[in-house]
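Student: sequence unknown, structure follows:
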């Protein structure tokens, strides 16, 4: 019985940790998305070529994430 309670407690803690990590990842992704939208709005005043980096090395981390997600 005690072993069953201990296993249940471990599963409960693992579930909580998983949900917490998923919620944090979602917040980070939402923040990146908002940041990119704000950047895109600001780049409307620039020429289209100026808003597109020529190589992946020049991209910000959030731009690489969005690029990978869109492929």
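Tutor: That came through fine. Please read all numbers here as calculations on a predicted model, not as lab measurements. Residues are numbered from 1 along each chain as shown.
Student: for the lowest-mean-pLDDT helix or strand in the chain, packing partners?
Tutor: Least confident element among the helices and strands of the chain, by mean pLDDT, DSSP states H and E: helix 61-70 (a mean of 72). Applying 3 or more CB pairs under 8 Å, 6 or more residues apart in numbering; DSSP states H and E, we find helix 61-70 packed against helix 2-43. Glycine gets a C-beta too; all of them are placed from N, C-alpha and C.
Student: pLDDT score for residue 13?
Tutor: Per-residue pLDDT puts residue 13 at 93.
Student: same thing with residue 1?
Tutor: Residue 1 is given a pLDDT of 61.
Student: also residue 9?
Tutor: Reported pLDDT for residue 9: 91.
Student: still on that earlier bit, and the angle from the least confident helix or strand of the chain to helix 2-43?
Tutor: On the basis of axes from the mean of the first three to the mean of the last three CA atoms, to 10 degrees, helix 61-70 is oriented at 100 degrees to helix 2-43.
Student: next, the buried residues of helix 61-70.
Tutor: Applying a neighbour-count criterion of 16 or more other CB atoms under 10 Å, one finds 62, 63, 65, 66 buried in helix 61-70.
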